[in-house]
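Engineer: Just to be clear, the model below is a prediction. Sequence and coordinates:
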Amino acid sequence: MSFNIGLSGLYAANKQLDVTGNNIANVATTGFKSSRAEFADIYAASKLGTGQNSIGNGVNLAAVSQQFTQGDVNGSGGILDMAIQGGGFFVQKGSDGSLEYTRSGAFRADKDGYITNNTGTSRLQGYAADDDGKIIKGGLVDLQLNLANLPPKASTKVDSTSNLNSSELVIDQTTKAFNPSDTSTFTTQYSTTLYDDQGNSHSMVQYMVKSDANEWKSYTLIDGRNLDGSLPTTGGLATDPPAVTLTFDGAGKLKTVVGADVTDTTLTLKDWVPGSVTNGVWTANNATAPDIAVNMGNVTQYNSASYRNPPVTDGYATGQITGLKIDGNGVLFATFSNQQSKAIGQISLASFNNEQGLQPAGGTTWRETFASGQPGYDTPQSGTLGSIVANSLENSNVNLTNELVDLIKAQSNYQANAKTISTQSTIMQTIIQMT
């Protein structure tokens with residue numbers, strides 16, 4: 001039996017060398033998880049059990065278990081490179097339609113914009129986004145980069161915070177009526193860029209006139225014209241353009257906003273006709289535009305310089321895609337030349353009750369088995385799932401120093417087991433010579 005014991009030891013040491021060698025070979029493989037050879041002793045047993053003086057029959061390979069510990073995450077600079085900081089696996093769909101699971105986040109886009117692994121054979125899975133950038137958390141889909149332009153959006157609101165200097169001189173409008181071409185007829189002005197439904201930009205200017213101690217008049221023109229496209233009357237009729245009256249209390253707080261198409265403190269610009277000027281001639285550009293709600297409720301009158309914070313509007317022109325950003329939740333944001341960004345999808349991660357039950361499938365991927373249990377899919381940072389680190393990759397978790405030590409131990413084990421066989425052979429030769 002000593003020969004069999006020695007042979008089992010040689011086999012075990014050889015397997016340990018194989019496992020260690022595979023770990024060392026993959027020390028630079030992105031997302032690779034090291035393996036460990038696990039052994040069990042062998043004892044002969046009868047139906048009545050083993051005796052107290054039983055001698056073992058050697059060793060066998062019980063399992064090769066993978067160690068799913070976190071690897072180091074380092075920046076790579078790749079636009080679609082991703083690493084998982086924490087638990088979970090990326091989900092890929094192979095060319096045969098089956099799902100694969102990986103920790104290797106070296107992704108790229110193919111000619112159709114689909115996000116694939118570095119060999120281009122499997123597509124990254126996640127959740128789609130609708131036209132408004134809202135994530136649809138339904139079934140998994142092939143994530144695709146939509147390189148189309150972002151359609152324009154017409155402006156529907158303008159909101160800002162401003163102050164009107166209480167120490168400004170009052171302008172007597174009975175002798176000096178408002179005229180947008182004469183700076184002496186208004187106190188200050190604010191400009192805001194608006195967009196029609198075709199994405200054409202237009203300049204809305206609000207002219208502010210201090211008409212009394214605690215009263216201001218506001219005149220609004222778009223592209224220097226009234227809302228219907230007509231030129232304002234020079235010399236200033238009260239209704240051309242219509243004025244909005246803002247009154248303040250003695251503490252500089254806004255009291256009322258009064259005027260045509262004013263509700264509470266919101267001025268609604270109705271029936272706006274977009275147009276453009278060519279060779280000094282204004283013509284309607286045939287674009288449509290919705291009513292615009294201008295919030296005038298955040299205005300004060302303090303004894304400080306007149307100012308207005310940058311306005312908040314919801315319109316924008318057509319945008320060309322300029323980049324891609326991925327946040328910790330795995331949401332893919334496309335950035336556009338019009339300073340807008342929109343979600344175009346979200347990565348899904350998978351988790352398993354028994355990661356050790358996964359079957360290695362090559363290419364740094366694993367497949368589901370009965371032992372692993374069914375996968376659970378969710379967004380990054382949900383439950384035990386980790387976060388996504390963009391422009392980075394997870395290195396293998398192989399500790400090269402430990403592997404080299406294990407290599408020396410396996411070599412010594414092999415030599416020692418070979419020595420037991422050699423010793424047994426010597427004993428056998430001695431016995432044979434005695435006969």
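Structural biologist: Perfect, I can see it now.
Engineer: For Thr102, give its distance to Val273.
Structural biologist: Look at Thr102 and Val273: by Cβ to Cβ, to the nearest Å, they are 57 Å apart. Every C-beta, even on glycine, is put in place using the N, C-alpha and C of the backbone.
Engineer: what about those two, which has more around it?
Structural biologist: For the pair Thr102 and Val273, the greater number of neighbours falls to Thr102 (22 against 19), based on other Cβ atoms under 10 Å.
Engineer: For the more buried one, which residues are in contact?
Structural biologist: The contact partners of Thr102, taken as Cβ atoms under 8 Å, 6 or more residues apart in numbering, are Gly31, Phe89, Phe90, Gln92, Asn117, Gly363, Thr364, Thr365, Trp366.
Engineer: Excluding chain neighbours, what is closest to it?
Structural biologist: Closest residue in space to Thr102, ignoring its immediate chain neighbours: Thr365 at 4.6 Å, by Cβ to Cβ, 6 or more residues apart in numbering.
Engineer: tell me the mean pLDDT for stretch 340-353?
Structural biologist: Computed over stretch 340-353, the mean pLDDT rounds to 93.
Engineer: Which positions within that stretch qualify as buried?
Structural biologist: Ser341, Lys342, Ala343, Ile344, Gly345, Gln346, Ile347, Ser348, Leu349, Ala350, Ser351, Phe352 (16 or more other Cβ atoms under 10 Å).
Engineer: Repeat that for stretch 259-269.
Structural biologist: So for stretch 259-269, counting by 16+ other Cβ under 10 Å, buried means Val262, Thr265, Thr266, Leu267, Leu269.
Engineer: Please report the number of neighbouring residues for the nearest residue to the last one once chain neighbours are set aside.
Structural biologist: Read that as Leu269. Leaving aside its chain neighbours, Leu269 sits nearest to Ile292 (4.3 Å; criterion: Cβ to Cβ, 6+ apart). When neighbours are defined as other Cβ under 10 Å, Ile292 has 24 of them.
Engineer: same thing with Val389?
Structural biologist: Neighbour tally, Val389, other Cβ under 10 Å: 21.
Engineer: for the record, mean pLDDT for the longest strand seen in the chain?
Structural biologist: Counting by DSSP state E, the longest strand found in the chain is strand 201-212. Mean per-residue pLDDT for strand 201-212: 95.
Engineer: what's the answer for stretch 170-187, then?
Structural biologist: 91.
Engineer: ditto for stretch 88-105
Structural biologist: 94.
Engineer: Check the offset of it from the chain's centre.
Structural biologist: 19 Å (Cα atoms, centre = their mean, to the nearest Å).
Engineer: Pull out the buried positions in that stretch.
Structural biologist: Buried residues in stretch 88-105 (16+ other Cβ under 10 Å): 88-94, 99-105.
Engineer: hang on, isn't Gly105 packed against Gly71?
Structural biologist: No - applying Cβ atoms under 8 Å, one finds Gly105 not in contact with Gly71, separated by 11.0 Å.
Engineer: Between these two, which contacts overlap?
Structural biologist: In contact with both Gly105 and Gly71: Gly31, Glu394, using Cβ under 8 Å, 6+ apart.
Engineer: Once you drop chain neighbours, what's closest to Asp406?
Structural biologist: In space, Asp406 is closest to Thr20, 4.8 Å off (Cβ to Cβ, 6+ apart).
Engineer: so the one you found is in which element?
Structural biologist: helix 2-25 (DSSP states H and E).
Engineer: which helices and strands sit right next to that helix?
Structural biologist: If contacts are counted by 3 or more Cβ pairs under 8 Å, 6 or more residues apart in numbering; DSSP states H and E, helix 2-25 sits against strand 35-42, strand 58-66, helix 400-434.
Engineer: okay, now the closest residue to Ala284 other than its chain neighbours: neighbour count?
Structural biologist: For Ala284, ignoring the flanking residues on the chain, the nearest one in space by Cβ to Cβ, 6+ apart is Gly275 at 4.6 Å. Counted with other Cβ under 10 Å, the neighbours of Gly275 add up to 21.
Engineer: same thing with Ala13?
Structural biologist: Neighbour number of Ala13 under other Cβ under 10 Å is 23.
Engineer: Surely the residue nearest to Leu269 is in contact with Thr192?
Structural biologist: No - using Cβ under 8 Å, Ile292 makes no contact with Thr192, being 9.5 Å away.
Engineer: tell me, what's touching the two both at once?
Structural biologist: Joint contacts of Ile292 and Thr192 (Cβ under 8 Å, 6+ apart) are Val158, Met204.
Engineer: Would you mind listing the buried residues in the longest strand of the chain?
Structural biologist: Buried, per 16+ other Cβ under 10 Å, within strand 201-212: His202, Met204, Val205, Gln206, Tyr207, Met208, Val209, Lys210, Ser211.
Engineer: Just checking: what are the partner strands of that strand?
Structural biologist: Applying DSSP bridges, strand 201-212 is found paired with strand 188-195 (antiparallel), strand 215-222 (antiparallel).
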